[in-house]
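Asks: using only what follows, build the 3D model:
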Amino acid sequence: MNPSGEKFNRTGDLSCGPRSFRRENRGDVILWRFAHAPPGSNVVFTTRRGGVSRAPYESLNLGFHVNDSALDVRRNRAILARVLDLDPSRLTSPRQRHTARVESLEDETLTGSGAAGEESGFDPCDGLATSLRGAPVLLHFADCVPVALMGSGPSGKPVVAMLHAGRKGLMEGVIGSGVSLLTERYDMPPRGVTAAIGPAIGACCYRVGEEIGTAFESRFGPDVIARDGDGVRLDIRSAAKAALRQAGLISGNIHVLRLCTGCDEDFYSYRREGVTGRHGAIAWIE
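Replies: Residues are numbered from 1 along each chain as shown. Reported below is the predicted structural model:
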């Protein structure tokens, strides 16, 4: 069996075609932009390139919780905000704890929570949705799956959400929670939601025990694992895609950037490095 037909290669093809995601070089900063975001919505996945942090966090570390210099993290976030023409004080980051909890940012007074330090008004929280303009939602990653959701309600007002889907969060249902929030809070039918799955560790670099593999196979189907002579390989991006389908999204509305954070040293990888920084996934409405 071969999850997603990848053959566990180390190159990372751009699923749904190269036009789904666009690599952008902004000086030293390297980004991947989702090219099919609905009008007024933006989704960008960062790399580790272009910041000021020192080893082992070099260089565009966006996570405060990894023991990097807080001053350097704030400088990195300011660099990112500048190249995206955003206000760094309005970056809103939840305190991620591998839960299935997804919340809404609709109170202007909470905009910017978590911008300047680890503490956040959204804690615990592993997904954040908003319809506010100019209120960028920033989550951080180092192998887990970033999942952006986009669409609009009956009024046509755009809505974006960003989810942190790690192995635990996937099993606990963070993706279903995110889609349910869009349906219940913003009256968005799942069939009208567009999803972008960003860089994450691939099956080529992710081995798990038999018990975990069996649980994922039971929950998300046989295509999310492969067994070989060395054990079980887990494709958590395919599990995220399966979770989106289970939540009601149309396959054609799900786009996957198949870059493996374990292979590609443009990204942080907890599995590869242990002590390391965090790249980001950011969504906002113009």
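Asks: tell me where the model's unsure across the stretch 51-200 of the chain.
Replies: The stretch 51-200 of the chain contains no residues with pLDDT under 70.
Asks: for stretch 229-240, buried residues please.
Replies: Neighbour-count burial for stretch 229-240, counted by 16 or more other Cβ atoms under 10 Å, picks out V232, R233, L234, D235, I236, R237, S238, A239, A240. Where C-beta positions appear, they are placed from N, C-alpha and C, glycine not excepted.
Asks: the fourth one and D264: what is the separation?
Replies: Pointing back at D235 there. Counting by Cβ to Cβ, to the nearest Å, the separation of D235 from D264 is 16 Å.
Asks: again with the fifth one
Replies: Remark: distance between I236 and D264 (Cβ to Cβ) = 16 Å.
Asks: now C204
Replies: For C204, the distance to D264 - Cβ to Cβ - is 11 Å.
Asks: between the buried residues of stretch 229-240, which sits nearest R33?
Replies: R237 (18.3 Å; Cβ to Cβ).
Asks: torsion angles phi and psi at that closest one?
Replies: Torsion angles at R237 (phi, psi; degrees, to the nearest 10) stand at phi -70, psi -40.
Asks: I'd like the average pLDDT over the helix or strand that E217 is a member of.
Replies: E217 is part of helix 210-220, with elements assigned from DSSP states H and E. Taken as a whole, helix 210-220 carries a mean pLDDT of 97.
Asks: look up the closest residue to V193, ignoring the ones flanking it.
Replies: G151 (4.6 Å; Cβ to Cβ, 6 or more residues apart in numbering).
Asks: is it true that V83 touches V29?
Replies: Yes - taking contacts as Cβ atoms under 8 Å, V83 lies within contact range of V29: 5.2 Å.
Asks: what touches both of these two?
Replies: Shared contacts of V83 and V29 (Cβ atoms under 8 Å, 6 or more residues apart in numbering): G50.
Asks: what separation do you get for K168 and Q96?
Replies: Counting by Cβ to Cβ, the gap from K168 to Q96 is 11 Å.
Asks: wait, I meant S113
Replies: In terms of Cβ to Cβ, S113 sits 13 Å off from Q96.
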